[in-house]
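# sharing a model that was predicted from the sequence below.
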Amino acid sequence: MTNYGTIPTSSSPSGPPVNLEYISRAKERLKAGLGTRRPWREMFDVHCFNLPRSFHEAVARVRTNIAYFRMNYAIVVLLILFLSLLWHPISLLVFIAMMAVWLFLYFLRDEPLVIFGRLITDQVVLIVLAVVTVIVLLLTRATTNILSSLLVGVVVVLIHAAIRKTDDLFADEEAAGGLLRSSGAPSSSS
């Protein structure tokens, strides 16, 4: 009873305030991560589709579009994988559980991961989570389904990335994070 009548200056380490603080930080990080998602209307603008003139142009478009729409493409591949697992309920439950593990250990983590006093880098966490996710999903005996849905997802992404023009992308390089530099002068044709 030595601190009776004192006003606490920080939230206590146990109880609901910490949980609410963690949830609000998780929401902020999730919004920031999804903030890199580009508008779907921009991704599927009908006026921005045409076939590339050469293989070199197709490769350049794929690189630019994957850098620009990477979060959208990740969502598309995960959606295709999710839809393919609807007929395999055990695999679907494992997929959802692994997504929760990814959220807590990779996407929503504020502080560096320390295990047995050793600092684990983000690259190690990413590689370990990817390998564990693939192994666990393959153990659910939906191997063909998972691999074919991932292949379909990659093909869909590559086709979209190759046929979507990149002339209107990266108009504001600082907003795009400087991921790619345009190789030529901005085009004035519409």
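Nice, thanks for sending it over. Numbering: from 1, shown residues only.
# would you state the helices of the chain in chain order?
Secondary structure of the chain (DSSP state H): helices at 16-34, 40-43, 55-68, 70-84, 89-102, 122-138, 143-163.
# turn those helices into a markdown table, columns for distance to Ile115.
Backbone N, C-alpha and C define where each C-beta goes, glycine included. Below are those laid out as a markdown table (distance: least, CB to CB, whole Å):
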| stretch | distance to Ile115 |
| --- | --- |
| helix 16-34 | 20 |
| helix 40-43 | 39 |
| helix 55-68 | 32 |
| helix 70-84 | 27 |
| helix 89-102 | 15 |
| helix 122-138 | 10 |
| helix 143-163 | 28 |
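# make JSON lines from those and add mean neighbour count and mean pLDDT to it.
Formatted as JSON lines, those follow (neighbours: other CB atoms under 10 Å; pLDDT from 0 to 100):
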{"stretch": "helix 16-34", "mean neighbour count": "12", "mean pLDDT": "63"}
{"stretch": "helix 40-43", "mean neighbour count": "12", "mean pLDDT": "82"}
{"stretch": "helix 55-68", "mean neighbour count": "17", "mean pLDDT": "90"}
{"stretch": "helix 70-84", "mean neighbour count": "16", "mean pLDDT": "86"}
{"stretch": "helix 89-102", "mean neighbour count": "15", "mean pLDDT": "86"}
{"stretch": "helix 122-138", "mean neighbour count": "13", "mean pLDDT": "84"}
{"stretch": "helix 143-163", "mean neighbour count": "15", "mean pLDDT": "90"}
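# what's the closest of these to Leu113?
Among these, the nearest to Leu113 by CB to CB is helix 122-138 (5.9 Å).
# quick one on the thing from earlier: nearest to Asp110, out of the helices of the chain?
Nearest to Asp110, of the helices of the chain and by CB to CB, is helix 16-34 at 6.1 Å.
# just to revisit the earlier point, of the helices of the chain, which is nearest Val114?
Among the helices of the chain, helix 122-138 sits nearest to Val114 (CB to CB), with 11.5 Å.
# that closest one packs against which elements?
Contact partners of helix 122-138 among helices and strands, from 3 or more CB pairs under 8 Å, 6 or more residues apart in numbering; DSSP states H and E: helix 89-102.
# hmm, who's touching the helix it packs on?
Applying CB atoms under 8 Å, 6 or more residues apart in numbering, the external contacts of helix 89-102 come out as 81-82, 85-86, 129, 132-133, 136-137, 140-142, 145-146.
# is it possible to export those to JSON lines including distance to Ala58?
Shown next, in JSON lines, are the contacts of helix 89-102 (distance: CB to CB, whole Å):
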{"residue": "Leu81", "distance to Ala58": "25"}
{"residue": "Phe82", "distance to Ala58": "29"}
{"residue": "Leu85", "distance to Ala58": "31"}
{"residue": "Leu86", "distance to Ala58": "33"}
{"residue": "Leu129", "distance to Ala58": "32"}
{"residue": "Val132", "distance to Ala58": "34"}
{"residue": "Thr133", "distance to Ala58": "30"}
{"residue": "Val136", "distance to Ala58": "35"}
{"residue": "Leu137", "distance to Ala58": "31"}
{"residue": "Thr140", "distance to Ala58": "36"}
{"residue": "Arg141", "distance to Ala58": "37"}
{"residue": "Ala142", "distance to Ala58": "33"}
{"residue": "Asn145", "distance to Ala58": "30"}
{"residue": "Ile146", "distance to Ala58": "28"}
